[in-house]
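Whatever this is, show me its structure:
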Amino acid sequence: MYICRLKNICTMDTVVSGIRPTGLLHLGNYFGALRNFIKMQDENDCYFFIADYHSLTTHPTPTDLQTNVRNVLIDYIAAGLNPEKATIYVQSDVPEVCELSLLLSMNVYVGELQRVASFKEKVRRQPQNVNAGLLNYPVLMAADILLHRADKVPVGKDQEQHLEMTRDFAQRFNHIYKHEYFKLPVAYNFGNELVKIPGLDGSTKMSKSDNENSCIYLADTPEVVRKKVMKAVSDSGPTEPGQPKSQAVENLFQLMKAVSAPDALQFFEDQYQNCSIRYGDMKKQLASDMIAFIQPIHERIMELRSQNDYISKVAKIGAEKARASADKTIREVREIIGFKTL
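Presented below is the predicted three-dimensional model:
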């Protein structure tokens, strides 16, 4: 089967993306990234990595980085990524990405990095940890993508600007060295709008970095899911038909849109519009639907956590495949720039 895949690989698009191991994966990670990873692995040459270098930009002294990486790898597989179809690897196991990041950075300007929306937001929120890695985040992300000369990148909405910068850096490299080497990768979401899953705390994005209780983790038990959802922020309810929803209530509807049947969503939409909605009932339905959605993934996570040899094997094989691709790119980039063996 693998030999057949190699024969057809030249007709496939190359897909690259990754997730930071700053904690367990949650529904935002699933709908914003993993769902598309799983769809794409059957018909593309996929490289999906665990971005441990990236995690250090906001978590420079992790208490247990190795465990975090292992948990994300387990969550990847439990959610449906297949190591026999996609190359799944840990970013730091492929050191070539550091060299490519360095080489790209020679033609990236400090001003354009300082204007990045996510950098300015991080500076506002963590003023005591404005490190050079945080500033250079878009360059390392570009290196991750260009290292395998990707065609498509399934990214969340908050990463769209970074991907545009990757295209800029690739085009700039091609122009400076007069060599059409790097492709200009595109965001890919199967023709749909890029998904952003909100938090249970009223925030516009489900984020494990902000508040763990606002997240529904793929590893959460049914009891934990139900408890978190029932505590979700709402409001006192509409007082007139057609009243705009508050952010917190809009979040509940967006979450229900992701995991519930259309008729259930419509039922509560109608109730909201005629001012008869009971948020407690809505939360019970949402919790039930989330549990039904997550349960198979949760059970698989529990199984994989005891399979240490298998998890280590997946990481080792993934690193070997990724380094083979990375080594080819680095050798060609060095030659294009002008590095020669004397």
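
On the pLDDT front, check Ile3 for me.
You'll see Ile3 listed with a pLDDT of 39.

now for the longest helix anywhere in the chain, which elements pack on it?
The residue-count maximum for a helix in the chain (DSSP state H) belongs to helix 308-337. When contacts are defined as 3 or more C-beta pairs under 8 Å, 6 or more residues apart in numbering; DSSP states H and E, helix 308-337 packs onto strand 44-50, helix 65-79, strand 87-90, helix 96-105. Just so you know, the C-beta spots here come from the backbone N, C-alpha and C atoms, and that holds for glycine as well.

6 Å - rerun?
Contacts of helix 308-337 with other secondary structure elements, assessed using 3 or more C-beta pairs under 6 Å, 6 or more residues apart in numbering; DSSP states H and E, are made with strand 87-90, helix 96-105.

Can you tell me which of these is packed in deepest?
The highest average neighbour count among the helices and strands packed on helix 308-337, using mean count of other C-beta atoms under 10 Å, belongs to strand 87-90 at a mean of 24.

tell me which element Phe119 is part of?
Assigning secondary structure by DSSP states H and E places Phe119 in helix 117-125.

if we can go back for a sec, quick one: average pLDDT of the longest helix of the chain?
Along helix 308-337, the predicted local confidence has a mean pLDDT of 98.

can you state the direction angle for it and strand 44-50?
Here the directions of helix 308-337 and strand 44-50 differ by 110 degrees (axes from the mean of the first three to the mean of the last three C-alpha atoms, to 10 degrees).

how big is the angle separating helix 308-337 from helix 65-79?
Note on geometry: by the same axes, to 10 degrees, helix 308-337 and helix 65-79 are set 100 degrees apart in direction.

next SSE after the lowest-mean-pLDDT helix or strand in the chain?
Least confident helix or strand, the chain: helix 2-8 with a mean of 42, by mean pLDDT, DSSP states H and E. Towards the C-terminus, the helix or strand next in line after helix 2-8, according to DSSP H and E, is strand 13-19.

That next one packs against which elements?
For strand 13-19, the contact count by 3+ C-beta pairs under 6 Å, 6+ apart identifies strand 44-50, strand 152-153 as packing neighbours.
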